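Q: Pasting the sequence and the predicted coordinates here, then a few questions.
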Amino acid sequence: MAPDSPLFSDFDVHPDIVAALAEVGIHRTFAIQELTLPLALAGNDLIGQARTGTGKTLGFGVPMLQRVSPPAESGDGVPQALVVVPTRELCVQVSRDLGAAGAKRGIRVQAIYGGRAFEPQVESLQKGVEIVVGTPGRLLDLAQRGDLILGKVKVLVLDEADEMLDLGFLPDIERILAMVPEKRQTMLFSATMPGPIVTLSRSFMTQPTHIRAHGNDEGSTVPQTTQFIYRAHNLDKPELLSRVLQSRDRGLVMVFCRTKRTAQKVADELVDRGFAAAAVHGDLGQGAREQALRAFRSGKVDVLVATDVAARGIDVTGVSHVVNYQCPEDEKTYVHRIGRTGRAGSTGVAVTLVDWDDIPRWQLINKALDLGFDDPPETYSTSPWVYTDLDVPESARGRLPRSQRTREGLEAETLEDLGETGKRNRPAGRGGDSRGPSGRTVDEDKPAGAGKSRPRRRTRSSAGSGDAAADAASAAPAADGAEGSGEGTKPRRRRRRRGGAGRGSSGEGSGSGSGAESAGD
C-alpha cells in the first residue's frame with residue numbers, strides 16, 4: 001500500500017472496527033478499499049474488480065461489519081449479512097478476517113462449508129450469529145433444512161464471483177438469491193468480469209457502481225514477481241525442486257501440481273528429503289487439509305504442495321517463492337498460481353518447470369501473456385544458472401542438511417476431528433489411525449478397489465503375517481465367519497485375479513496380507 005494512502009479512521013468507520021484492525025497491524029487502506037469504502041458505507045450496491053491479494057475482503061468486510069447490529073445493539077442472533085465464497089479454504093480465511101475485524105464490536109461470524117459435520121455449524125447458528133460466510137452447497141443444505149434463516153439478511157456479498165462461475169456454482173447462487181430479501185445491499189467482488197457475471201449482476205443488483213482498482217487485470221502478471229522458466233526433465237524435477245527450496249533468505253513456498261496424485265507424491269518425497277512439507281488436494285479429508293494449512297500459516301511446515309482447485313482462496317503472508325512443478329493448463333491458471341507471491345506490494349519469485357511434452361502448452365501461455373520466454377533453457381539440477389538465478393548455495397544438494405531441518409513439521413500440528421461427512425469410522429489397526437502414512441485421512445488411505453462391496457478375502461496361510469494380523473483387527477466379524485474359516489482353500493480358488501495375472505495358489509497371502517487389497521494405487 002502507498003504510504004500516503006488514507007487511514008481507515010479517515011472514513012466514517014466505527015472506532016471499534018478501526019481499533020480491531022490496528023491491533024493486527026492494519027491502519028491504511030489499499031486501492032480497492034479506498035475506492036469502495038465511501039460507496040459501500042453509504043449502502044450502495046457495487047461491483048469491485050481487483051486482482052486477488054489486494055485487500056478485497058476488507059473492502060466489503062468493513063462496511064458489512066458497520067451495518068450489522070451485535071447483541072449489545074439489539075441484534076437477535078439471526079444472520080444479518082451473508083458472504084458467499086467458492087472454496088472451503090477461502091471460507092475459513094474470510095470468516096477469520098471478519099471475525100478479527102469485528103471482535104471489539106462483539107460481532108459473531110460463522111463459517112459454513114462442506115466436508116465436515118452439520119451439527120457444530122447448526123449449533124453455532126442456534127446460539128446466534130450476525131454474519132455467515134459459506135460455500136453455496138452447504139448454505140443451501142442448511143437453509144433448506146430450516147437451520148439457516150436468510151430472511152433478515154440486509155447485506156449480501158459474492159466474493160470471487162468469477163471462480164464460482166468456473167466451478168459451476170451459478171445455479172446454486174441463483175437459488176440463494178431467491179432466499180434473501182429483495183431490499184438489501186449487494187456487493188460483488190471479482191478479479192475478472194465474464195459475460196455471465198455481468199448478466200447476473202444486472203438481474204439481482206440495484207444500479208451498481210462498477211469500481212476497478214489499479215492493476216486489476218487478471219490477465220497479466222505483477223512486476224513485483226520475478227519469473228524464471230526452465231525446460232526440465234520429469235525425472236530430474238525432484239532434484240531441481242530441492243535446489244530451489246534451498247535458496248538463500250527464502251520464506252514460505254507454494255508448489256503447484258496439476259493432479260492430486262502428483263501433489264501427494266511430491267510432498268511425500270520432499271519430506272523424505274528432509275523438507276518440512278505438506279499437501280493440500282481434493283483426495284484429502286477436510287481435517288487433513290485444514291491441518292496442513294494451519295501448519296503452513298504457523299511456519300511448522302514451510303512448503304505447501306497443492307493442486308489448483310485446492311489452492312483457490314489460500315492467502316498466506318510470507319510466501320516468497322511459487323514453483324510450478326507441472327506446467328499450468330492455461331494463462332489464467334498461471335497468473336493465479338504465481339499470484340500467491342508478490343502480494344500486497346511484496347516481492348516474490350516464481351519458478352516454472354516445463355517438461356518437454358508441455359512445451360506447446362507453455363508457448364500458448366507465453367504468447368497470451370506476452371512474457372518473452374519463448375524458448376526456456378534446458379535445465380537440470382546441476383545447471384549453474386539455477387544457483388545464480390535463485391541465489392542457491394553452491395553446496396546445495398538433493399537433500400536438506402540436517403543442520404537446517406529446524407521446522408517442526410506437519411506432525412506438530414493437531415489433526416482436528418471435524419466429524420467429516422462420508423468418512424467411515426474404523427478401529428485401530430492398519431489404517432485405524434486418524435491419518436495414514438501419506439497424511440491422508442482414513443477414508444482416503446484405502447488402496448485401490450477397497451471401496452467395492454465385495455468382502456475382503458483372507459486365508460489361513462496369511463493369518464500369521466504382521467500385515468494380515470492387522471487386517472484381522474479391522475475386519476468385520478461377518479467376513480471372518482464367511483471367509484476366515486478352515487475352508488480357506490475354497491475361496492482362494494474362486495478368487496478373481498486382476499488384469500489376468502495368474503498368482504500361485506499356495507502361499508498367496510503370506511507376503512501381502514489380504515489379496516483383495518494387495519493391488520497398489
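A: On my side now, so go ahead. Numbering: from 1, shown residues only.
Q: Any buried residues in stretch 294-303, and which?
A: By neighbour count, and taking 16 or more other Cβ atoms under 10 Å as the criterion, the buried residues in stretch 294-303 are 294-297, 300-303. C-beta coordinates here come from the backbone N, C-alpha and C atoms, glycine included.
Q: for stretch 196-215, same thing?
A: For stretch 196-215, the buried set under the neighbour-count rule, 16+ other Cβ under 10 Å, comprises 197, 200-201, 204-205, 208, 211, 213.
Q: Could you pick out which of the residues you listed are located in strands?
A: Per DSSP state E, strands hold the following members of the buried residues of stretch 196-215: I211.
Q: Out of the buried residues of stretch 196-215, which is nearest to Q66?
A: Comparing the buried residues of stretch 196-215 against Q66 with Cβ to Cβ picks out I211 as the nearest, at 17.9 Å.
Q: Contacts only, for that closest one.
A: Applying Cβ atoms under 8 Å, 6 or more residues apart in numbering, we find I211 in contact with 32, 35-36, 39, 46-49.
Q: With V24 instead?
A: Taking Cβ under 8 Å, 6+ apart as the test, what V24 contacts is A100.
Q: Can you report phi and psi for it?
A: When read as degrees, to the nearest 10, the backbone of V24 gives phi -100, psi 20.
Q: What residues are bridge-paired with H210?
A: The partner list for H210 in beta bridges (DSSP bridges) reads I47.
Q: Please determine how far it is located from E239.
A: 49 Å (Cβ to Cβ, to the nearest Å).
Q: One more: D302?
A: Applying Cβ to Cβ to D302 and E239 gives a distance of 19 Å.
Q: circling back: for the buried residues of stretch 294-303, which one is nearest H14?
A: Using Cβ to Cβ as the measure, the one of those that approaches H14 most closely is R297, at 27.8 Å.
Q: Contacts only, for the residue nearest to R250 when sequence neighbours are not counted.
A: Computed as Cβ to Cβ, 6 or more residues apart in numbering, the closest residue to R250 that is not its neighbour in sequence is S320, at 5.0 Å. Neighbour list for S320: 249-253, 341, 348-349 [criterion: Cβ under 8 Å, 6+ apart].
Q: Let me know the pLDDT of S320.
A: S320 carries a pLDDT score of 92 in this model.
Q: Show me how far the helix or strand that contains Q93 is from its chain's centre.
A: In this assignment (DSSP states H and E), Q93 forms part of helix 88-101. Relative to the mean C-alpha coordinate of its chain, helix 88-101 is positioned 13 Å out (Cα atoms, centre = their mean, to the nearest Å).
Q: Flag every buried residue along it.
A: Neighbour-count burial for helix 88-101 flags 88-95, 97-101 (criterion: 16+ other Cβ under 10 Å).
Q: Pipe those into a markdown table and attach distance to A368 and pLDDT per row.
A: As requested, these are arranged in a markdown table below (distance: Cβ to Cβ, whole Å; pLDDT from 0 to 100):
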| residue | distance to A368 | pLDDT |
| --- | --- | --- |
| R88 | 30 | 86 |
| E89 | 27 | 84 |
| L90 | 26 | 88 |
| C91 | 31 | 92 |
| V92 | 32 | 89 |
| Q93 | 29 | 88 |
| V94 | 30 | 93 |
| S95 | 35 | 94 |
| D97 | 32 | 92 |
| L98 | 35 | 95 |
| G99 | 39 | 95 |
| A100 | 38 | 93 |
| A101 | 37 | 94 |
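Q: Which pair of those residues spans the longest distance?
A: R88 and A101 (20.8 Å).
Q: Run a quick check on V18 versus F11, I expect a contact.
A: No - the pair V18 / F11 is not scored as a contact, 9.0 Å apart, by Cβ atoms under 8 Å.
Q: still on that earlier bit, which of the buried residues of stretch 196-215 sits closest to I173?
A: Taking Cβ to Cβ as the measure, L200 is the one of those closest to I173, at 7.3 Å.
Q: can you pull the pLDDT of the closest one?
A: In the prediction, the pLDDT value recorded for L200 is 81.
Q: Over to the one 4 residues further on?
A: pLDDT, F204: 89.
Q: what's the closest non-adjacent residue to it?
A: Counting by Cβ to Cβ, 6+ apart, F204 lies nearest to L177, which is 5.1 Å off, once chain neighbours are set aside.
Q: what's the helix or strand for T186?
A: Take DSSP H and E as the rule and T186 turns out to sit in strand 185-190.
Q: Likewise for L148?
A: Using DSSP H and E, L148 maps to neither a helix nor a strand.
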